[in-house]
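Visitor: output the structure for:
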Amino acid sequence: MSAALAIALSALVMTLIVGGRYLLSSGGFALATRLKHPGLYRGLETQMRREIGWSLASAAIYGIPAGIVAWGWQAHGWTRIYTDVHAFPLWYLPVSLFVYLLLHDTWFYWTHRWMHQPRLFRIAHAVHHQSRPPTAWAAMSFHPWEAITGAIVIPALVFVVPVHVAVLGLVLAIMTLMGVGNHMGWEMFPRALVHGPAGCWLITATHHEQHHAAYRGNYGLYFRFWDKACGTDIGLGSFGGAAAAAGRGDRAAASRSDARPDA
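Guide: Okay, here's the model as predicted:
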């Protein structure tokens, strides 16, 4: 098999994996929403179909670099991914997990904040903010230009920072959990965590809801560190308005002017 065909097949397989992971995770959270908060997504059927369409397109964009990296790792050992748990000290496993999450969060914060510049918002990020209120299907609802910025970070890191394959899988699982959970329109974590000391530094759906409501601030993915350091942390949001609007079929929020606040 030629290298080009092998790369193409690897990219196709990774695209199917990313797409399948999205459908399973977002579908699971959407089902949980239906059971826990009946009617929360009522009237949002057209929006959810749009979210699924954009997200499946994003899955292909995420799958291509992931497929190239997977092929390079297996065929040529190009990356710093390792399978022998003893290749590094055991304490490095949790350290590498935190390093990956911190670096990913840093990249996400600055690119996300950049996307809120007026011109880039109109060109790309407005697609994501069309989800008003966001649903569990909105986690990967990105314009292709924005999807590219998200698709390259983890594939780039595996060439630089050593990581055990299981830790890499955990990073991807956390990324999926937070990406979907932060958009589903209700808080899955207990109030004691969200409003306690841990919640001061960890991002949950309550924190990200405020970003979608205000169109500014709260740009992080996992941690509130960069928002606090840069003065863009605007606190926790509320789900009451979104839930009531969904339950009534009130789409007043959707007619709100697409203001493009500066980052």
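
Visitor: ranges for the helices of the protein?
Guide: Under the criterion DSSP state H, the chain contains helices at 3-36, 45-76, 92-115, 118-120, 126-129, 144-151, 153-157, 165-181, 191-194, 205-214, 225-230, 240-248.

Visitor: can you say which of these is packed in most?
Guide: Greatest average neighbour count among those goes to helix 205-214 (a mean of 20), per mean count of other C-beta atoms under 10 Å. Backbone N, C-alpha and C define where each C-beta goes, glycine included.

Visitor: for it, the distance to its chain's centre please.
Guide: Offset of helix 205-214 from its chain centre (C-alpha atoms, centre = their mean, to the nearest Å): 14 Å.

Visitor: next up, the contacts around Trp54.
Guide: By C-beta atoms under 8 Å, 6 or more residues apart in numbering, the contact list for Trp54 reads Val127, Met140, Ser141, Phe142, His143.

Visitor: the second one contacts His183, correct?
Guide: No: under the criterion of C-beta atoms under 8 Å, Met140 lies out of contact with His183, with a separation of 9.6 Å.

Visitor: who has more neighbours out of those two?
Guide: A count of neighbours by other C-beta atoms under 10 Å puts Met140 above the other of Met140 and His183, at 28 against 25.

Visitor: returning to what we had before: CSV please, covering the helices of the chain and showing distance to Val85 and mean pLDDT.
Guide: Output for these, formatted as CSV (distance: least, C-beta to C-beta, whole Å; pLDDT from 0 to 100):
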stretch, distance to Val85, mean pLDDT
helix 3-36, 23, 94
helix 45-76, 17, 94
helix 92-115, 8, 97
helix 118-120, 42, 93
helix 126-129, 38, 94
helix 144-151, 28, 95
helix 153-157, 19, 96
helix 165-181, 8, 95
helix 191-194, 30, 92
helix 205-214, 34, 91
helix 225-230, 29, 96
helix 240-248, 44, 44
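
Visitor: got those helices as TSV, with distance to Tyr82 columns?
Guide: Output for those, formatted as TSV (distance: least, C-beta to C-beta, whole Å):
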stretch	distance to Tyr82
helix 3-36	19
helix 45-76	10
helix 92-115	10
helix 118-120	37
helix 126-129	35
helix 144-151	23
helix 153-157	14
helix 165-181	7
helix 191-194	33
helix 205-214	33
helix 225-230	28
helix 240-248	44
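
Visitor: quick one on the thing from earlier: closest to Ser238 out of the contacts of Trp54?
Guide: Distance to Ser238, by C-beta to C-beta, is smallest for Ser141 among the contacts of Trp54, at 22.1 Å.

Visitor: so who does the closest one touch?
Guide: Arg50, Glu51, Trp54, Ser55, Ser58, Val127, His128, Gln130, Ser131.

Visitor: tell me the one of those residues nearest Val99?
Guide: Comparing the contacts of Ser141 against Val99 with C-beta to C-beta places Ser58 closest, at 25.2 Å.
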